[in-house]
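quick one: sequence plus predicted model below, questions after.
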Amino acid sequence: MPDINSLPHISTLENIETDFKVFAGPGAGKTTWLISHLERVLRESNRLNKTGKIACITYTNVAADEIQNRLKCDKNRFDISTIHSFLFRNIVKPFSYLIEKNDDAEVLFDTSKLDGHDEHIPRRDMIESWVRKISEGKTKYWYLTSAENYPKLSKCLSDIDWSFDENGILQVKFRNRWTNSTASEIRMPSSKLFDYKQICWRKGFLYHEDVLYFSHLIISRSPRILEFIRIKFPYLFIDEFQDTTEIQTWIIEKITESNSKVGIVGDLAQSIYKFTGAKRTDFLNFKNGDASEFKLNHNHRSTNRIVDFLNLLRPDINQEYGQNKPDGSFVKILIGTIQAAKTWYEENYPENTLYILTRKNTTVSEINNQLGVANSNLLNDLYSNDSNPQRVKFIHSILMSIRLHEKGDLKNALNEIFKSVRRSGGSQILKLSLRRIAINIIDALKVDENRSKSIAEFYLEVKDKILDEYGFEIGSGLRAGNAKSFYETHSINDILPFIKVDTKSDEFVRTIHSAKGTEFENTLVHFETINEFRNYIINGQNHIDSLEDDCRIYYVGCSRAMKNLYISIPDANEADIENIENLSMEYVRV
């Protein structure tokens, strides 16, 4: 591992034809630097010609949008997106003929329905088809679809992903370790997961994780496509490289083996996605010895005292203060229950919003329960209650389009409805008519009265209007059953809070993973146990480079704070108090 503190600070590269690696801590201004470098490459390159583009891969759509919006040059010369979007547009979609059949010449994927990639929310009809297939005409696995087991089964299936086995072969597995225990509890046949995938593919369903699988398959079947990618993208830059999975790293290495210049930016201490297959060593080893190494070591986000605190947690980068940043308040430890900590804060700072960050989704739910916040996820309930894939996807797309339109992203709001209408039988309709349908739906949902209607009422009105004006049906009607009951008892407004299109949502209690890439003026990081606080704060330097992500997760949480950082712990003894004071933190028993 390089001595990062001794690396040169990167301001401007001497030569744009240099492969580089930048180590950048939280709040270091890497987005600003990256934008400046992208603009410089466009100005100075003599390898782009008329058709070449500069690729920039980000971890989230929010980050991609930010870079795109801040560029002050010809934006058409850039391809800025997440790795999944980049690979779908440039490998999976244009070379989809390579995934139509498997090695036995059987149907692998119905490419006639290939129309983007979606979050993996398991569909009841796909699950039932899978259970029917693996049961082989018997009742062998139908217990999985019982009222008790089905929610657990659906949750397990939503957690499947791809990874290399010891022989370098891609296998389907669960992302999270604890999913294995749930699968065992319901006696789920994990060895049959590939059968589930095949059923989805043959129906034309492509999920985010499948983009990586098929990109790998296409490259393996026809390595020559890499030449086309390199010609199209002479420059490739990747942000947040420490969160890149093994499959993503394999694909990027293949693309950049020759001709393409590559630059990566990341932070080893913010590597918190081991459960997805990310390996922080990939950041260290990528083009090791062949790429020039630099650092960005200022923190432009946090006050000086928060920067001092963060420096205590890691030895590899000593962050410097941002220009004109105030000293600010000391980090404050709140000792007591999370309810008491929240009450103390509201009594002392009633005007300032507090964001609470914690490690696990289950803890978010527990905290919300303790604070009196509703937890039910109506989006999951929507998919659980409606087994009609066209109808449920159309309704989901309507809700997504509202959220995107609220963000000012009309293009993607329209695309959401385009895709869903085409899947529902409107593939022969002119694009102009599709646009009118989408605009009419979005305009209708600007009216508060329509948002207050039940989902059933609004859906049937839209369905009838499209049939009358364009002559085709969307989905199916609503007859007696779970779907009808669910849609009649919930309004558009009820379910909208559960529709997320980015990580910058207004949730005040969130997991640290979902807060990655964001920042908050007032941040409270919650520790469930005092031992976690001792291990990952008091003794943080001993664990920050551990193989496990635990310490780094809390570091990421603390580094979201801009003005005020609070840490909630359940209790503390005299030795803990002494350690807190030795680290220049204040404490309050709440």
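Arrived safely.

surely residue 509 and residue 358 touch.
Yes - with contact defined as C-beta atoms under 8 Å, residue 509 reaches residue 358; the gap is 7.3 Å. C-beta coordinates here come from the backbone N, C-alpha and C atoms, glycine included.

which neighbours do those two have in common?
Counting by C-beta atoms under 8 Å, 6 or more residues apart in numbering, the contacts common to residue 509 and residue 358 are 364, 367.

surely residue 562 touches residue 303?
Yes - using C-beta under 8 Å, residue 562 is in contact with residue 303, at 7.4 Å.

ok, the two, which is more surrounded?
A count of neighbours by other C-beta atoms under 10 Å puts residue 303 above the other of residue 562 and residue 303, at 23 against 18.

now do the contacts for that one.
325-329, 562-563.

mind listing which of those residues are in strands?
562-563 (DSSP state E).

what about residue 48, distance to residue 465?
Per C-beta to C-beta, to the nearest Å, residue 48 is found 47 Å from residue 465.

kindly report the same for residue 104.
Distance from residue 104 to residue 465, by C-beta to C-beta: 46 Å.

got it, and residue 561?
Applying C-beta to C-beta, the value for residue 561 to residue 465 is 49 Å.

which of those two has more residues huddled nearby?
A direct count of neighbours by other C-beta under 10 Å for residue 561 and residue 465 places residue 561 higher, at 29 against 15.

the more buried one and residue 520 touch, don't they?
Yes - judged on C-beta under 8 Å, residue 561 makes contact with residue 520 at a distance of 6.6 Å.

can you list the domain ranges for this protein.
Under the assignment automatic domain parsing, the domains of the chain span 4-94+222-296, 105-211, 320-374+508-589, 386-498.

would you list those in TSV and tack on distance to residue 313 and mean pLDDT?
Below are the domains of the chain laid out as TSV (distance: least, C-beta to C-beta, whole Å; pLDDT from 0 to 100):
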stretch	distance to residue 313	mean pLDDT
domain 4-94+222-296	8	94
domain 105-211	25	92
domain 320-374+508-589	4	93
domain 386-498	34	77
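
minimum distance to residue 307: which of the ones you listed has it?
Closest to residue 307 of the domains of the chain is domain 320-374+508-589 (C-beta to C-beta; 5.8 Å).

from the chain's centroid, how far away is that closest one?
22 Å (C-alpha atoms, centre = their mean, to the nearest Å).

count the neighbours of the closest residue to residue 73 other than its chain neighbours for me.
Distance criterion C-beta to C-beta, 6 or more residues apart in numbering; nearest residue to residue 73, sequence neighbours excluded, is residue 39 at 5.1 Å. Residue 39 has 17 neighbouring residues, counting by other C-beta under 10 Å.

need the residues that contact stretch 399-414.
For stretch 399-414, contacts defined as C-beta under 8 Å, 6+ apart pick out 65, 416-417, 435, 438-439, 441-442, 445, 492, 495-496, 499-502.

how about that stretch: buried residues?
Across stretch 399-414, burial judged by 16 or more other C-beta atoms under 10 Å covers 399-405, 409, 412-414.

could you dump those to TSV with secondary structure?
Conversion of these to TSV gives the following (DSSP: H, G, I helix; E, B strand; the rest coil):
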residue	secondary structure
399	helix
400	helix
401	helix
402	helix
403	helix
404	helix
405	helix
409	coil
412	helix
413	helix
414	helix
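
list just the nearest of those residues to residue 43.
Closest to residue 43, out of all of these and judged by C-beta to C-beta, is residue 409, at 28.4 Å.

so how far is residue 154 from that closest one?
For residue 409 relative to residue 154 (C-beta to C-beta), the value is 29 Å.

same question, residue 388
Using C-beta to C-beta, we find residue 388 at a distance of 16 Å from residue 154.

could you do residue 221 as well?
The gap separating residue 221 from residue 154 is 32 Å, by C-beta to C-beta.

settle it for me: which of those two has more neighbours?
Using other C-beta under 10 Å, the more surrounded residue of residue 221 and residue 154 is residue 154, with 20 against 13.

which residue packs closest to the more buried one, ignoring adjacent ones?
residue 122 (4.6 Å).

report the secondary structure state of that neighbour.
Secondary structure state of residue 122, per three-state DSSP, is coil.

which non-adjacent residue is nearest residue 222?
That would be residue 98: by C-beta to C-beta, 6+ apart, it lies 5.9 Å from residue 222.

show me what the helix or strand hosting residue 306 is packed up against.
Counting by DSSP states H and E, the element that carries residue 306 is helix 304-313. Judged by 3 or more C-beta pairs under 8 Å, 6 or more residues apart in numbering; DSSP states H and E, the packing partners of helix 304-313 are strand 320-321, helix 550-558, strand 561-569.

what's the closest of these to residue 201?
Checking those against residue 201 by C-beta to C-beta gives helix 550-558 as the closest, at 33.8 Å.

contacts for the closest one?
With contacts defined as C-beta under 8 Å, 6+ apart, helix 550-558 is touched by 26, 269-272, 306, 309-310, 313-314, 331, 357-359, 512-513, 515-516, 523, 525, 527, 532, 535-537, 540, 543-544, 546, 565, 567.

returning to what we had before: which one of the domains of the chain lies nearest to residue 380?
Relative to residue 380, the nearest member of those by C-beta to C-beta is domain 105-211, separated by 7.3 Å.

what about the closest one, start to end distance?
The stretch domain 105-211 measures 21 Å between its terminal residues, going by C-alpha to C-alpha, to the nearest Å.

just stretch 339-356 next, same as before
Note: stretch 339-356 ends 11 Å apart using C-alpha to C-alpha.

now do the buried residues in that stretch.
Of the residues in stretch 339-356, 340-342, 344-345, 354-356 count as buried by neighbour count, 16+ other C-beta under 10 Å.

so which of these comes closest to residue 192?
Nearest to residue 192 among those, counting by C-beta to C-beta, is residue 356 at 39.7 Å.

so what does that closest one look like in phi/psi?
phi -100, psi 120 (degrees, to the nearest 10).

look up how far residue 554 lies from the spatially most central residue of the chain.
Here the mean C-alpha position of the chain is nearest to the C-alpha of residue 60 (C-alpha atoms, centre = their mean), at a distance of 5.9 Å. For residue 60, the distance to residue 554 (C-beta to C-beta) stands at 21 Å.

quick check: which element contains residue 34?
Assigned by DSSP H and E, residue 34 belongs to helix 30-44.

mind listing residues that contact the next helix or strand along the chain from that helix?
Scanning forward in sequence from helix 30-44 by DSSP H and E, the next helix or strand is strand 54-58. With contacts defined as C-beta under 8 Å, 6+ apart, strand 54-58 is touched by 34, 38, 41-42, 48, 64, 67, 77-83, 86, 233-240.

note down every partner strand of strand 54-58 and its orientation.
In the sheet, strand 54-58 lines up against strand 78-82 (parallel), strand 235-238 (parallel) (DSSP bridges).

from these, which stretch is densest packed?
Mean neighbour count, computed with mean count of other C-beta atoms under 10 Å, is highest for strand 235-238 among the strands paired with strand 54-58, reaching a mean of 24.

contacting residues around the closest residue to residue 498 other than its chain neighbours?
What sits nearest to residue 498 in space, not counting adjacent residues and going by C-beta to C-beta, 6+ apart, is residue 379, at 4.4 Å. With contact set as C-beta under 8 Å, 6+ apart, residue 379 has these partners: 121, 396, 495, 498-499.
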